[in-house]
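Enquirer: have a look; sequence and predicted model below, questions after that.
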Amino acid sequence: MLPKNGLLNRRAFLAGSAGVVTSAVWAGSKADEPRRSGSGRAMSAYGAPSKYVGLERLQIGGHPVAPEAGSSSTPLEKLNGTITPNSLHFERHHSGVPDINPIRHRLNIFGNVKRPLSFRYEDLLRYPLVSRVLFIECSGNSYRNLSPKAPDQSAGELNGLFSCAEWTGVPLRLLLEEAGYDAKSDWIVAEGADAAGMNRSLPIDLALEDAMVALYQNGEPLRGEQGFPLRLLVPGCEGNLSVKWLRSLQVRKGPAHTREETSKYTDLLKDGSANQFSLRMGVKSVITAPSGKMLLPTHGVYEISGLAWSGHGAVADVDVSADGGRSWQAAEIQSEPGPYRPTRFRMPWRWLGQSAVLQSRAIDSAGNIQPLRAVAMANVAPGFAYHYNGIQSWRVDQRGRVSNVYE
Amino acid sequence: MSMSKMVVTLIAGLLAPWAMAQDLHPMLGQPIERLPQATIGPGGAGLPAGSGSVEEGEVIYRNQCLACHGPKGLMPGNALAGGVGSLSGKQPNKTVGSFWPYATTLFDYIHRAMPYGREKMLSDSEIYGVTAYILFLNDIVPENTRMDATSLPKIIMPNRQGFQSVYQISNSD
């Protein structure tokens, strides 16, 4: 019996006739390629995507007079699984990407330490390394969904200041212990080597718990846009805290209240006060297919699929609705969940031309539930831009056009 | 292998990585010859010598800052002044005067990141001057002010009490 909302039980889907599962991206395939004669292209030193795959970062844009100070977004709707290819990891730079020669770069640890120390890049490569699959989300991700009218944009254009990689680096604890950090000093200031000298204060608890000095991104040395030769990485926290091109760590008492943690990246509330150091990103999910600007080519069965994550732990559950939140069903979590590690969720859905509103709602291991847009915005001042994690809604109209709506 | 020997071996196996951690630590950090420039916090530790007046700061502002921040720091989108009383209204205007909790942040930020594209060109005294001028534009200091390492951390910003921290915060250096 087909439920009215079209959501299908996963087991029934696997056992029964699946029908035509068409990705909107690949709709309209041509006739078969002929049987091939003659050899193909030879090997290459550094591979590239197929010329048939158009993959680009989205929303590439900066300040009117300083285009290098801005951001670009990951095309979430063109990717699957959980890992973001390095070439498509979102960017946010405060003064462009500096060209840093690793031979000359140093990481200095100073301030309230017994032994101020300087680390060379090649020496850090010799330390015991850890590898973890972790998301990085810009504090300002999804800010376009705060505008009064829902922008007609894609999943990545709206929510793509979010990426995930396997990061490999030196546990920060090892370096702090080597320098002999003062146990009474409770904060560290991390500073980047870009022209902005971007600096942020980090609670030492987080530094000792699981922060790392990242050296590799999905197996290769960091990309310049991601902080080559080395960056700070603070799992689960707003991206700005994971300072790129990391050049110094200053152990100190109390936060320094830098510009990026006072003037920016704070949450102004309706009463005129502001939340500061709201470092952990909230539980969140986004359906990437079907999603904004796609067109469902035929009636039939589709897979609703998306990403879920939380800065407060692991993803525990993801519910999916096809009727704007009137009814929910548990989606299948298909990738292995872990703290600060995004998961891929999936749910089969039959579309027979009915208009629908697709939504996903993530719940994390700490019991946090992703809020409705109205709830996420309830206490914040007009024009706020940070830490938004409201539910994303996609309307499917009777012709199969998918668009961003507010519910 | 006897049961007791097996237990001993198991325990030794569990303890070994921990016991050997120190021996396996590469310890490759080198002593720092010249300490890096510290980030300036609310206590002002690390503020350099030198001083600058509102009057000197206005000259520097006109040449280095005005193109982006506008006359008297009022350029919309890049505003440094104004906005007092707007934070709880329909169009909050977050400026140095209406929003920033500490004046020391102004010195730290200009020192590292301004003027955009020509960073690190201003002398410490010039930065004190520009800082004094921006505070003057916000009616926080009088026109005859001269700013230095002693006076800057003593400035009480209008929105000093406007923040609540999600993380517990101690008094800052």
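Expert: Yes, it's here.

Enquirer: mind listing the strands for chain B?
Expert: Secondary structure of chain B (DSSP state E): strands located at B:30-31, B:51-53, B:146-148, B:163-165.

Enquirer: can you redo those as JSON lines with distance to residue A:341?
Expert: Just so you know, the C-beta spots here come from the backbone N, C-alpha and C atoms, and that holds for glycine as well. Formatted as JSON lines, those follow (distance: least, CB to CB, whole Å):
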{"stretch": "strand B:30-31", "distance to residue A:341": "35"}
{"stretch": "strand B:51-53", "distance to residue A:341": "50"}
{"stretch": "strand B:146-148", "distance to residue A:341": "48"}
{"stretch": "strand B:163-165", "distance to residue A:341": "27"}
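
Enquirer: number of nearby residues for residue A:56?
Expert: 11 (other CB atoms under 10 Å in any protein chain shown).

Enquirer: now do residue A:377
Expert: For residue A:377, the count of nearby residues is 18 (other CB under 10 Å).

Enquirer: surely it meets residue A:387?
Expert: No - using CB atoms under 8 Å, residue A:377 is not in contact with residue A:387; the gap is 11.2 Å.

Enquirer: spatially central, which residue of chain A would that be?
Expert: By CA atoms, centre = their mean, chain A has its centre lying nearest to residue A:162, at 2.1 Å.

Enquirer: ends of stretch A:324-342, what's the gap?
Expert: Start-to-end span of stretch A:324-342 (CA to CA, to the nearest Å) is 24 Å.

Enquirer: quick one: distance of it to the chain centre.
Expert: The chain centroid and the centroid of stretch A:324-342 are separated by 16 Å, computed with CA atoms, centre = their mean, to the nearest Å.

Enquirer: quick one, what contacts the spatially most central residue of chain B?
Expert: Centroid-nearest residue in chain B: residue B:105, 4.0 Å away (criterion: CA atoms, centre = their mean). Neighbouring residues of residue B:105 by CB atoms under 8 Å, 6 or more residues apart in numbering or on different chains: A:257, A:258, A:259, A:262, A:263, B:40.

Enquirer: what about chain B, any weak spots by pLDDT?
Expert: Applying pLDDT under 70 to chain B flags the ranges B:1-22.

Enquirer: hmm, 90 instead?
Expert: B:1-24, B:33, B:77, B:167-173 (pLDDT under 90).

Enquirer: likewise for the stretch 1-150 of chain A?
Expert: A:1-5, A:8-35, A:54, A:63-65.

Enquirer: mind listing the strands for it?
Expert: A:58-63, A:66-73, A:91-93, A:106-111, A:117-120, A:130-137 (DSSP state E, counting those that start in this stretch).

Enquirer: nearest spatial neighbour of residue 61, skipping sequence neighbours?
Expert: Chain wasn't specified; assuming chain A. Nearest residue to residue A:61, sequence neighbours excluded (CB to CB, 6 or more residues apart in numbering or on different chains): residue A:70, at 5.2 Å.

Enquirer: meant chain B, my bad for not saying
Expert: Once flanking residues are discounted, residue B:61 sits nearest to residue B:133: 5.2 Å by CB to CB, 6+ apart.

Enquirer: which ones are touching the one you found?
Expert: Contact partners of residue B:133, counting by CB under 8 Å, 6+ apart, are B:54, B:57, B:58, B:60, B:61.

Enquirer: repeat that with 6 Å
Expert: The contact partners of residue B:133, by CB atoms under 6 Å, 6 or more residues apart in numbering or on different chains, come to B:54, B:57, B:58, B:61.

Enquirer: contacting residues for the second one?
Expert: Think residue B:57. Contacts for residue B:57 (CB under 6 Å, 6+ apart) come out as B:129, B:130, B:132, B:133.

Enquirer: the third one touches residue B:144, doesn't it?
Expert: No - using CB atoms under 6 Å, residue B:132 is not in contact with residue B:144, being 10.0 Å away.

Enquirer: between these two, which has more neighbouring residues?
Expert: Set residue B:132 next to residue B:144 and count neighbours by other CB under 10 Å: residue B:132 wins out with 31 against 9.

Enquirer: quick one, what contacts the closest residue to the more buried one other than its chain neighbours?
Expert: Distances taken as CB to CB, 6+ apart put residue B:147 closest to residue B:132, at 4.0 Å, once the chain neighbours are dropped. With contact set as CB under 6 Å, 6+ apart, residue B:147 has these partners: B:52, B:128, B:131, B:132.

Enquirer: if you set the cut-off to 10 Å instead, what comes out?
Expert: Residue B:147 makes contact with B:50-54, B:56-57, B:103, B:106-107, B:125, B:127-133, B:135-136, B:141, B:155, according to CB atoms under 10 Å, 6 or more residues apart in numbering or on different chains.
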